[in-house]
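Novice: model the following, please.
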Amino acid sequence: MSIPPFQGKSDPEAYLEWEKKIELVFECHNYLESKKVKLAAIEFSDYAMIWWDQLISSRRRNGERPINTWAEMKALMRKRFIPSYYHRELHQKLQHLSQGNRSMDDYFKEMEVGMIRANIEEDREATMVRFLAGLNKDIANIVELHHYVEIEEMVHMAVKVEKQLKRKVPVRGAYPNSSPTPKWSQGSGRKENSIQARDSLSIPKAPKPSGEASKSNNEAGRNSTRDIKCFKCLERGHIASQCLNRRVMTLKSNGEIESEDEEENDLDHPTDEEREEELEFAMDGELFVVKRSLSIQSIEDEQQRENVFHSRCLIQGKVCSLIIDGGSCTNVVSSMLIEKLELPTTKNPQPYKLQWLNDGGELKVTEQAVISFSIGKYSDEVVCDVVPMHAGHLLLERPWQFDRRAINNGYTNRYTFEYHGKNVTLAPMTPKQVYEDQVQLKNSVQQMKDFEDVFPEDIPSGLPPLRGIKYQIDFIPRATYGKV
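Specialist: Take a look at the predicted model:
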């Protein structure tokens, strides 16, 4: 096993590759440290040999001790052949690395080599985010839809998606009836073509009458179109783009065929340009009183990274708190809101028990209510289970998201959906607004606790009746106050 040569070129990548190779050689043999230095110096050539001789002579002239270990030699060579800004450039290159015209395999290898050279040790999730951010957009849009545990799984999926995109049908040529010749038959095809060409040159054929020629052409045309099948109407003789039947036919799993007019589809589903998009923000006003506020934390950051969707809505003219969270399987309304606004309730057709919305242990949910609410121009009705909820007034969960086909943007925390032909976007409150609401709710709840004995349970509808004895003081005009 020979020592690789080193010319001393100003290329950090070449030096690091030489250093790695020579260390692998040293690992295979039990050399002494002084012998490692001599073996490495023997393979120096060009500038590296001149630089090493000058370094040895200079150290001997200055009375410095000789270099006796491979570690010392490696440190001096790194100082000379690897610039100080090399690692900084590596980090910058990794920061802006993208796939571009590279293949998926080349892109991942370049990212992996760069991370090894820069000595980057990071969490596997951070590595997957780094890899995904540099992918081409058409590949990244598909790859990010799946869940991965290891970076290798993401790389394999990206390679698979790249191959599928490359297998797309190419643009057809100007001759629709022409078909590409398979590779395995290209050689024989050229040979047959040359034989046919020689035959056509050597044996001239008599021209056919015009009637027979047109007749044979018509028969050939009918035979070629007879095998074509339309995937819309399932008839033969034409393709789908030339089909006169404007019905879309769907083959179900049980073998039935369902048809639907395309024009009706187009009328029922307006295009994105025809839809109007409305952005609805939280309603302004003081919140309707709740029993207990949420946990209060001072929030200065305006990002939505750790925030549930909070907003305000109008229910019978009252400003109420609204939360959207996909972590539950039912919409919920506060029982206190039902009592204060005297909203009608119905019996829950499927009663169940809860343990996570109240501190009172297991709770049976037996009532439902239809809640009409509005946020800006968006007005809607939802069926909610009535629960003594402390978190807020209205909690929209998976049923609402499913019915409205709402899509949540994880970064802006906005919900977008189509409602009555318009694109509606619900914007959340900022963390600062949520914090201010919570402070206000806490103060109002504390005041109610402090003066709980002052306010009766049943407030009278009018003023008290007149009494027989009236206590009053008659004031005299222009009179002065006396001294006490």
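
Novice: could you use CA atoms for every contact and neighbour count after this?
Specialist: Noted.

Novice: can you map out the strands along the stretch 101-250 of the chain?
Specialist: Using DSSP state E, counting those that start in this stretch, the strands assigned to the stretch 101-250 of the chain run over residues 247-251.

Novice: typo on my end, the stretch 251-400 of the chain
Specialist: Secondary structure of the stretch 251-400 of the chain by DSSP E, counting those that start in this stretch: the strands cover 257-261, 276-280, 309-315, 318-324, 332-334, 346-354, 363-375, 378-387, 394-396.

Novice: T330: neighbouring residues, count only.
Specialist: Burial measure for T330: 15 neighbouring residues, criterion other CA atoms under 10 Å.

Novice: now the phi/psi pair for it, please.
Specialist: Backbone dihedrals for T330, given as degrees, to the nearest 10, come out at phi -150, psi 150.

Novice: let me know how buried C28 is, in neighbour terms.
Specialist: Every residue meeting other CA under 10 Å relative to C28 is counted, giving 9.

Novice: any idea of the pLDDT on it?
Specialist: C28 carries a pLDDT value of 85.

Novice: state the distance from P66 to E43.
Specialist: Separation of P66 from E43 (CA to CA, to the nearest Å): 19 Å.

Novice: what about those two, which has more around it?
Specialist: Set side by side, P66 and E43 show unequal neighbour counts under other CA under 10 Å, the larger going to E43 at 15 against 11.

Novice: measure that one to F108 for me?
Specialist: 33 Å.

Novice: for the helix or strand harbouring E27, buried residues please.
Specialist: Secondary structure from DSSP states H and E places E27 in helix 12-28. Buried residues in helix 12-28, defined by neighbour count with 16 or more other CA atoms under 10 Å: P12, Y15, W18, E19, I22, V25, F26.

Novice: right, and the helix or strand after it?
Specialist: Next in sequence after helix 12-28, counting helices and strands by DSSP H and E, comes helix 33-42.

Novice: wait, doesn't V365 sit right on D385?
Specialist: Yes: in terms of CA atoms under 8 Å, V365 counts as a neighbour of D385; the distance is 7.0 Å.

Novice: which stretches of the stretch 351-484 of the chain have low pLDDT?
Specialist: Within the stretch 351-484 of the chain, the ranges that satisfy pLDDT under 70 run 355-361, 391, 441, 444-461, 467-471, 481-484.

Novice: circling back: please say which of V365 and D385 ends up with more neighbours.
Specialist: D385 (24 against 17).

Novice: I'd say the more buried one and A369 touch.
Specialist: Yes: using CA under 8 Å as the test, D385 is close enough to A369 to be in contact (6.5 Å).

Novice: coming back round to it: the buried residues of helix 12-28 into JSON lines, with extra columns for distance to K166?
Specialist: Output for the buried residues of helix 12-28, formatted as JSON lines (distance: CA to CA, whole Å):
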{"residue": "P12", "distance to K166": "36"}
{"residue": "Y15", "distance to K166": "38"}
{"residue": "W18", "distance to K166": "38"}
{"residue": "E19", "distance to K166": "39"}
{"residue": "I22", "distance to K166": "41"}
{"residue": "V25", "distance to K166": "42"}
{"residue": "F26", "distance to K166": "45"}
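
Novice: just give me the closest of those to M157.
Specialist: Checking those against M157 with CA to CA, the nearest one is P12 at 33.2 Å.

Novice: checking D437 next. Helix, strand or coil?
Specialist: Three-state call for D437 (DSSP: H, G, I helix; E, B strand; the rest coil): helix.

Novice: what about the residue lying closest to V333 once chain neighbours are set aside, how many residues nearby?
Specialist: Using CA to CA, 6 or more residues apart in numbering and skipping residues adjacent in sequence, the residue nearest V333 is L394, 4.7 Å away. By the criterion of other CA under 10 Å, L394 has 25 neighbours.

Novice: heads up, I number from 52, so please use that
Specialist: Sure, I'll start numbering at 52, so the last one becomes L445.

Novice: tilt between the helix holding E78 and helix 84-93?
Specialist: 140 degrees (axes from the mean of the first three to the mean of the last three CA atoms, to 10 degrees).

Novice: who's in contact with helix 63-79?
Specialist: Helix 63-79 has contacts (CA atoms under 8 Å, 6 or more residues apart in numbering) with 52-57, 59-60, 87, 91, 132-134, 137.

Novice: could you dump those to CSV with pLDDT and neighbour count?
Specialist: Formatted as CSV, the entries for the contacts of helix 63-79 read as follows, by pLDDT from 0 to 100; neighbours: other CA atoms under 10 Å:
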residue, pLDDT, neighbour count
M52, 64, 7
S53, 77, 8
I54, 79, 17
P55, 83, 14
P56, 87, 15
F57, 88, 20
G59, 85, 21
K60, 84, 13
K87, 87, 21
A91, 87, 18
F132, 88, 18
I133, 85, 17
P134, 85, 12
Y137, 81, 14
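
Novice: could I get these as JSON lines with distance to K473 and secondary structure?
Specialist: Compiled in JSON lines, those are given as follows (distance: CA to CA, whole Å; DSSP: H, G, I helix; E, B strand; the rest coil):
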{"residue": "M52", "distance to K473": "74", "secondary structure": "coil"}
{"residue": "S53", "distance to K473": "74", "secondary structure": "coil"}
{"residue": "I54", "distance to K473": "73", "secondary structure": "coil"}
{"residue": "P55", "distance to K473": "70", "secondary structure": "coil"}
{"residue": "P56", "distance to K473": "71", "secondary structure": "coil"}
{"residue": "F57", "distance to K473": "69", "secondary structure": "strand"}
{"residue": "G59", "distance to K473": "68", "secondary structure": "coil"}
{"residue": "K60", "distance to K473": "65", "secondary structure": "coil"}
{"residue": "K87", "distance to K473": "76", "secondary structure": "helix"}
{"residue": "A91", "distance to K473": "74", "secondary structure": "helix"}
{"residue": "F132", "distance to K473": "64", "secondary structure": "helix"}
{"residue": "I133", "distance to K473": "61", "secondary structure": "coil"}
{"residue": "P134", "distance to K473": "59", "secondary structure": "coil"}
{"residue": "Y137", "distance to K473": "54", "secondary structure": "helix"}
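
Novice: show me where the stretch 52-201 of the chain has its helices.
Specialist: With DSSP state H, counting those that start in this stretch as the criterion, the stretch 52-201 of the chain has helices at 63-79, 84-93, 98-112, 121-132, 137-146, 155-168, 175-184, 188-194.

Novice: quick revisit: quick check: neighbours shared by V416 and D436?
Specialist: With CA under 8 Å, 6+ apart applied, the overlap between the contact sets of V416 and D436 consists of N399.

Novice: which of the strands of the stretch 302-451 of the chain sits closest to H142?
Specialist: Go through the strands of the stretch 302-451 of the chain one by one with CA to CA and the one that ends up closest to H142 is strand 360-366, at 36.6 Å.
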